[in-house]
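J.: Generate a structure from the sequence data that follows.
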Amino acid sequence: MLSNSLIELDRAHLIHPVASYHGHEASGVRVLTSAKGATVTDATGHQLVDGFAGLWCVNAGYGQDSIVAAATRQMRELPYATGYFSLGSEPAIRLAAELADRAPGDLNHVYFTLGGSDAVDSTVRFIRYYWHALGKPERDQFISLQSGYHGSSTVGAGLTALPAFHAGFGVPFTWQHTIPSHYVYRNPAGPDDRAIIATSIAALETKIAEIGGLERCAAFYAEPIQGSGGVLVPPTGWMKAIRDFCKARGILFVADEVITGFGRTGPLFACTEEDIVPDFMTVAKGLTSGYVPMGAVLMSDHVYNTIADGAGASAVGHGYTYSAHPVSAAVGLEVLRLYENGLLENGVKAGARLMAGLRSLKDHPLVGDVRGRGMLAALELVVDKERKTPLPAAADPSRRIFDRAWSNGLVIRAFPTGVLGYAPPLCCTDADIDAILDRTQMTLDQTLADPDVREAMRSRAR
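T.: From the prediction side, this is the model:
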């Protein structure tokens, strides 16, 4: 009765993110009731291995008592402190210092947000201020990657280059532009890393010329791995080549590590894998392991000093009520301690097991591509491996495969394109990873038996 009542209340009142409203009303909510480690339990008692860490975010795993204790202690001592009026709190100050100490290069200044979307929005405001401070307000054009994701706020959704985030919203704005993704599996340049990097550089040069030249170009945004675009892993050296290109031309470079940060790909920050020091780095999700909302913008010395000098005695008019929230900061400090006391190391070990297991599925008739790094991975399903033909639309992979995996006791991200995304908690045991792999195999075999999938495969064979 409780579950049914919640389902009806949800239908009547709760608006879900990125959902067909009427479709959700018809299907109803699945209510999660508890979780521990890498396992979640729903209201029916059904237990599942969470192969997606909530929404790429519960990196430390569920039920970490020390995180709960840190939040509880801070709530009792000081549940809120504004950052306005030159006020602050010890947890926020210490977390900013710890992040700056670990971030690459001179990313020594930290502005806290509520999550990834407003972290990206904050970079846009800071970048505009930066160029105004330098007396170059005409540098107001922003470039990102197709299939990239930079949040779903009004401004960030324009930098996000996925159709669902544009339709009906009047974005992107005229000052937001994209170049093609590196998307190795489907890149017209073929699988050669150097050719893909050269193609991206050429595309960026062309786009800069189209928008009016370097004197108009403000910034370029990229994820070390494109998450919501389908877990698209760039060739080795791609990120560094783009960063070097931007640096040589005075274009601000924003590394969006909202998904890849905090051990998701192995190290604390993915940028360090290629010795990249961006001008800005955005983080969220794993910053607090999803236990409480928090994001951050890490800003380089030269950008901070330019903004500070430009403002002089005037206030820089950007702020949020909950920026540097002491409870979120206390959680962030404890999560960081857990990462560095075994979770990062375990994530590397579990990630190697996950990638090896997924690669062993490459011979499955539906698996066209296996890609990933650490605890961030994907399978791309096709009905014709030679032609790389996607699953037919009738297969409705985003719903049917998700539902099937759920029934099999597995939470994954099932993209409409037939990509299966994986981002398990870093605390996963060998048994957790093996369960993810076994239940994936089961889900693939069941999907292979679908009549519309079999018919699509036969049609291609003819």
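
J.: Who are the contact partners of the residue lying closest to residue 182 once chain neighbours are set aside?
T.: In space, and not counting its chain neighbours, residue 182 is closest to residue 234: 4.4 Å by C-beta to C-beta, 6 or more residues apart in numbering. The way it works is simple: take the backbone N, C-alpha and C, and place the C-beta from them, glycine included. By C-beta atoms under 8 Å, 6 or more residues apart in numbering, the residues touching residue 234 are 182, 184, 196, 224, 225, 226.

J.: Over to residue 179?
T.: Shown in contact with residue 179 (C-beta under 8 Å, 6+ apart): 143, 145, 146, 200, 203, 204, 206, 207.

J.: try 10 Å
T.: Applying C-beta atoms under 10 Å, 6 or more residues apart in numbering to residue 179 gives the contacts 143-146, 148, 161, 199-208, 220, 222, 242.

J.: Only whichever of those residues are buried, select them in ChimeraX.
T.: In ChimeraX syntax, the buried subset of those is picked out as below (16 or more other C-beta atoms under 10 Å):
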select :143,144,145,146,148,161,199,200,201,203,204,207,208,220,222,242
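
J.: that older thread, how much space is there between the residue nearest to residue 182 and residue 38?
T.: Residue 234 sits 28 Å away from residue 38, going by C-beta to C-beta, to the nearest Å.

J.: what does residue 279 give?
T.: Taking C-beta to C-beta, one finds residue 279 at 36 Å from residue 38.

J.: and if you look at residue 409?
T.: Per C-beta to C-beta, residue 409 is found 12 Å from residue 38.

J.: separation between the spatially closest residue to residue 224 that is not a sequence neighbour and residue 420?
T.: Of all residues not flanking residue 224 in the chain, residue 270 sits nearest, at 3.8 Å (C-beta to C-beta, 6+ apart). Distance, residue 270 to residue 420, by C-beta to C-beta: 21 Å.

J.: So which of those two has more stuff around it?
T.: More crowded of residue 270 and residue 420, by other C-beta atoms under 10 Å: residue 420, with 29 against 26.

J.: Name the nearest residue to the more buried one, ignoring sequence neighbours.
T.: Closest to residue 420 by C-beta to C-beta, 6+ apart is residue 379, at 4.5 Å.

J.: who does the helix or strand harbouring residue 431 touch, helix- and strand-wise?
T.: Assigned by DSSP states H and E, residue 431 belongs to helix 430-448. Secondary-structure packing of helix 430-448 (3 or more C-beta pairs under 10 Å, 6 or more residues apart in numbering; DSSP states H and E): strand 47-50, helix 344-359, strand 376-384, helix 397-407, strand 410-411, strand 419-422, helix 451-461.

J.: I'd like the next helix or strand past the second one.
T.: For helix 344-359, the succeeding helix or strand toward the C-terminus, using DSSP H and E, is strand 367-373.
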